[in-house]
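*Asks:* coords below, sequence missing:
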Ligand code: 5GP
């Protein structure tokens, strides 16, 4: 059965898309740590990030760098935090989330709530800043 992220890639499940190319997709996390919390995934479905082939793995980080640069242009923050967890969704992904201190990258903390309009306009803004 395809992962929930493969269903997002195929369009069976909607997402707030931030950036895409042939191999990678970035979209807003549906349960964000902060405004701008984004997931970057390879389109190939591999559970564990360290099982990706080297080319896809390094490409994922290169794509994430471009996405992080775009998020930073839109969301005021000290920097973009990077995390790999992967305990919930078995499809490799990188979390990018704006941070102002170490506490902002605490995945056990209360997530923020955003409405559809906020998600949609934020995704569009980040996409417009994506080079
Ligand atoms: P992890 O696997 O790294 O522990 O966490 C998976 C992340 O994916 C969580 O932050 C969760 O909020 C996010 N997530 C899970 N299902 C969906 C979904 O259907 N859409 C989006 N946009 N994010 C999801």
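*Replies:* That came through fine. Remember, it's a predicted structure, so these values are computed and weren't measured experimentally. Numbers count the residues shown, from 1 in each chain.

*Asks:* Report the beta-bridge partner residues of the residue nearest the centre of the chain.
*Replies:* When the chain is reduced to its mean C-alpha position, the closest residue under Cα atoms, centre = their mean turns out to be residue 39, at 1.4 Å. Under DSSP bridges, the beta-bridge partners of residue 39 are residue 27, residue 95.

*Asks:* pretty sure it is touching residue 92, no?
*Replies:* No: under the contact definition of Cβ atoms under 8 Å, residue 39 does not touch residue 92, with a separation of 10.2 Å. All C-beta atoms are positioned from the backbone trio N, CA, C, and that covers glycine.

*Asks:* And the residue lying farthest from the centre of the chain, how close does it get to residue 78?
*Replies:* Note on the chain: the largest separation between a C-alpha and the mean C-alpha position, by Cα atoms, centre = their mean, falls on residue 1 (22.1 Å). As judged by Cβ to Cβ, to the nearest Å, residue 1 and residue 78 stand 40 Å apart.

*Asks:* Same question for residue 56.
*Replies:* Using Cβ to Cβ, which is the criterion applied here, residue 56 is 30 Å from residue 78.

*Asks:* ok now stretch 80-92, how far from the chain's centre?
*Replies:* For stretch 80-92, the gap between its own C-alpha mean and the chain's C-alpha mean amounts to 9 Å (Cα atoms, centre = their mean, to the nearest Å).
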